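Colleague: Curious how this folds, go ahead:
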Amino acid sequence: MDHKKRLGKWGGLLLLLFLIGSCVQAPSPPPTAKKRGCLDCHPEMKAQLIANRPVVHPPVAQGNCLGCHRPHGLIAGAFLKADPPRLCLPCHRELISHLNAQYPHPPARKGNCLKCHESHAAFQKGLLKEEDQKLCLSCHKEIEKGKFLHQPLKEGCLKCHDSHGSNFSGILKGDEASLCLSCHEAQGLEKTHFGYPVKKACTQCHNPHAAQEEVLLRRSIHQPVKEGRCEDCHMGQGGQPLALKASPEELCLRCHPRQKAPREHPPYQEGKCLKCHGPHGSPYPPLLNQKTKTLCLSCHDIQLKKAKSSHPPFEEGRCQECHHGHVSNQPKLLKRPPEKLCLTCHGKLLKGSYKHGPATQGQCLTCHLPHQSEKNKNLLVTEQKELCFKCHKETAREENLFSVHTPFARGTCSGCHNPHSADQKAFLAVPPNQTCLRCHAKIKEEMKEKGLHAPFGREQCLACHLPHASDYAFQIRGPMDQVCYQCHARIEREVRALPYVHPTAEEGTCQRCHDPHLSPLKAHLRKEVKDLCLDCHGEVARYWSQGVAHKPAQKEDGCLLCHEAHASRNQNLLLGSGGEVCLKCHQVGPDLVERHGGITPRAKYCNTCHNPHGGPDESLLWPYEHPPFAKGECRPCHGGDK
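Modeller: Prediction:
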C-alpha cells in the first residue's frame, strides 16, 4: 500500500514538471544564411562585362560561372577548370574538325583562344575583341599594302576565310577557283583574259587582297602574260586553247637561252623550270613559287632547329645575294669567289693597318659558317678560344700558367683583339692602355688621382703585366722584385751587394710596402713610414703609450732617420755603425759624460744600455740591468771613482 502511494506521488510530480515545461517556448533554430553567388563578390564583372556589352558568353548570361571556373581554385590561383582550348571545346564541338583540318589558324592550333575572343562579354559577335577585319589586320598587316583593295577585303576577311581552320590553303572556305567564280562570272573573265577561258589559278597573277594596279596584278608577272601574248606558250585555238605548244622546258628556252657554266643548279640542268618558277605571276620576284628561303629549303636541308647566330641574308631569305639561281663559275653557285664574296658586304673589316692572315687571304670559312652556327656567336665554326688556338699554339700553352687573365680564361679573344684587322699591333681594337681600361674602370678613375707610379701614369700596363697569363699573381711578368728592378736598378745593386737586407726586399715582395699603381705618399708607400714599419715591428712601440718614446722614432718618417729602407752595410739596417747614428743628435760633451757617471761613453755601445725606440722612463734604459750598474757602481768593470 505504501509502495503504491509512493508511485502515485512520483507520477504526479513528473506530470507537473511536464506541464510546466510545455508552457516554456522552445528556442527557434538559427536562421539559414542566404547562399551567395559569384557576382555577389564580383559585382564589377556584371556591370562592366554584361551591362555594357551586348554579346554575352552563355554561361555568364545564365550565371553558370562554375561552367568554366573552379569555386576555390588551385595553387597560384588557377581558377579555370582547364586551359583553352580544352576548356572551350566541350561546348564548341563544331570547331574540333576545323582545328584538325590541314590548315588550322595558328592561334587556334596553339589553343590561344583568348588572342581573338573575350571570355565573358564583348561588343562583337562571337565574343571577338574587335571587328573581324580589324582583328585580322592586327597580325596580317602586309595584306593591306596597296593602292587598290579587293572588294571582299573591304567587306571583311571572313567572306573568304575560315576563322579557325580549313582543308584549303590560306584557310579559305572553299577551293580558290570556286570562291573567285562566286563573284566573278566566267564569261566576263574570258573577255578580260584575252579570250582565254581562265577559270582557275587566279592568285598566280592576282593578289587577292591589295595591289598597286586596279586589276590587282602580282608584283612579278611573266612578260607575255602582262602583254596579253598568251599564244606564245598556249595553243589559243581549237578545243584546248590553254594547251601548251611544247614542253615547259622547250618553251622557256625559246626566250631564255640556256646558260653554260661549270656548275649548274640541278633543277635548271634537268629543265625543271616550274619547280622554282610560276609560269604566269607570283608575289615573289622573279616569278618564284614561294618565298626564296622557303623555296630553297624545300631541297636544301640546312635550317637548324636552334641557332646561336644566323647570317642575316640567310635569316631574311635573301639567298640570291650570295648565290646564283641557275649557273655559276664558283662552287655552291656563288656569285663571286668566296674570298671576294664576303668582302662585298664586309669590306670595312679589313681597313686596319694590321690584317689577320686568314682574312686577307679570303679564308673566311676557316673561322665562319656561311648560314648558321648552332652554338656560337658570329657564325663561328667552333668556340672562339678553340678556333684561335688552332693557329696560335704557343698562346694556347699559356692556359696552364698559374695566373690567367679573365677574358683569356673565358676564351673571349675578341674582347681585346679584332679578328680581322686593326690599327694596333697584335690586332688590338684600341691601344693597349685603352684596352685594359675598358674593363678596369676603377683603375681608370684612380688615374685621375695624384701620386701615380710612373708606368701606371703613362698607362704602360704591359711594362709590368703580361696580357694573357703568367706564373705570377696578377699576370706579373716575373718575380715582383725582378719586375721592379727593371727601373729601380740602384736598389737591386744595393740588395745584391750589401750584407744586411730588409726581409721584404730579400723575399722580393715589394708590394708589401709599395702600391704598384698609385699612392699620395712618398715612394708610393701604402702607409706613412712609421705605420708601415709598425705593421711588422710592433714591439718597438710597446713603451710609447706607457713609458717614454724616443722622439725621432715617433715621427712619421722617423724610422728612416736611423734605418735604411732596403739594405745596409750595418746590422739592423742602420745608417751607420753602432752609436754613430746616435751621435748625430747626441754630441759627446761634459753634459753627456756627467750623465754617464763621469765616464766618456763609446758610440758603439749606446744600445747596450739604451732602447733606441723607447723605455719605461726618460733614460730609455733597458728594463733588465746589470746589478752593479743598477746600483751606479761602474768601477768594478770600468775603473774610476764610480
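
Colleague: care to break the chain down by domain?
Modeller: Domain assignment for the chain, taken from automatic domain parsing, gives 53-147+162-167, 175-289.

Colleague: can you list the ones you listed in TSV and add mean neighbour count and mean pLDDT?
Modeller: Quick note: C-beta positions are derived from backbone N, CA and C, even for glycine. TSV is the format used below for the domains of the chain (neighbours: other Cβ atoms under 10 Å; pLDDT from 0 to 100):
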stretch	mean neighbour count	mean pLDDT
domain 53-147+162-167	15	87
domain 175-289	15	90
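
Colleague: For Arg512, which of these is the nearest?
Modeller: Relative to Arg512, the nearest member of those by Cβ to Cβ is domain 53-147+162-167, separated by 57.7 Å.

Colleague: re the thing from before, between the domains of the chain, which one is closest to Cys413.
Modeller: domain 175-289 (35.8 Å).

Colleague: Quote the end-to-end distance of that closest one.
Modeller: Domain 175-289 has an end-to-end distance of 19 Å (criterion: Cα to Cα, to the nearest Å).

Colleague: re the thing from before, make a markdown table from the domains of the chain and add distance to Gln460 to it.
Modeller: Converted to a markdown table, those look like this (distance: least, Cβ to Cβ, whole Å):
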| stretch | distance to Gln460 |
| --- | --- |
| domain 53-147+162-167 | 58 |
| domain 175-289 | 55 |
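
Colleague: Out of these, flag the one nearest Arg490.
Modeller: Proximity to Arg490 (Cβ to Cβ) singles out domain 175-289 among those, at 72.7 Å.

Colleague: re the thing from before, Gln571: which of the domains of the chain is closest?
Modeller: Within the domains of the chain, the stretch nearest Gln571 is domain 53-147+162-167; the backing value is 78.5 Å (Cβ to Cβ).

Colleague: Just give me the neighbour total for Lys348.
Modeller: Lys348: 10 surrounding residues under other Cβ atoms under 10 Å.

Colleague: Sorry, wrong one. I was asking about Val529.
Modeller: For Val529, using other Cβ under 10 Å, the count is 21.

Colleague: and what of Pro520?
Modeller: Residues lying near Pro520 (other Cβ under 10 Å) number 11.

Colleague: confidence score at Lys522?
Modeller: According to the predicted model, the pLDDT of Lys522 comes to 91.

Colleague: what's the neighbour count on it?
Modeller: 11.

Colleague: same thing with the one 5 residues further on?
Modeller: Taking other Cβ under 10 Å as the criterion, the count of residues near Lys527 is 15.

Colleague: who touches the nearest residue to Leu287 once chain neighbours are set aside in this structure?
Modeller: For Leu287, the nearest residue in space outside its immediate sequence neighbours is His277; the separation is 4.6 Å by Cβ to Cβ, 6 or more residues apart in numbering. With contact taken as Cβ atoms under 8 Å, 6 or more residues apart in numbering, His277 is in contact with 286-289.

Colleague: Torsion angles phi and psi at His277?
Modeller: Backbone geometry at His277, expressed as degrees, to the nearest 10, gives phi -110, psi 150.

Colleague: repeat for Leu149
Modeller: In this entry, Leu149 is assigned phi and psi values of phi -100, psi 140 (degrees, to the nearest 10).

Colleague: re the thing from before, for Ala567, which of the domains of the chain is the nearest?
Modeller: Closest to Ala567 of these is domain 53-147+162-167 (Cβ to Cβ; 73.1 Å).

Colleague: before we move on, the earlier item: looking at strand pairing, list the partners for the residue nearest to Leu287.
Modeller: Leu288 (DSSP bridges).

Colleague: Begin at 35, not 1, for the rest of this chat.
Modeller: With 35 as the first residue, the last one maps to His311.

Colleague: Helices of the stretch 385-534 of the chain, start to end?
Modeller: For the stretch 385-534 of the chain, helices defined by DSSP state H, counting those that start in this stretch occupy the ranges 391-394, 398-401, 418-423, 427-431, 440-444, 466-471, 475-480, 488-491, 514-519, 523-531.

Colleague: Centre of the chain to stretch 327-334, how far?
Modeller: Relative to its chain's centre, stretch 327-334 lies at 31 Å (Cα atoms, centre = their mean, to the nearest Å).

Colleague: Now tell me what touches it from outside.
Modeller: Under the contact criterion Cβ under 8 Å, 6+ apart, stretch 327-334 has outside partners 310, 318, 322-324, 337, 348, 350-351, 353.

Colleague: Tell me the one among the residues you listed nearest to Ala463.
Modeller: Of all these, the one sitting nearest Ala463 is Phe348; the distance, using Cβ to Cβ, is 27.1 Å.

Colleague: So the closest one belongs to a strand, correct?
Modeller: No - in this structure, Phe348 is helix, not part of a strand, as judged by DSSP: H, G, I helix; E, B strand; the rest coil.
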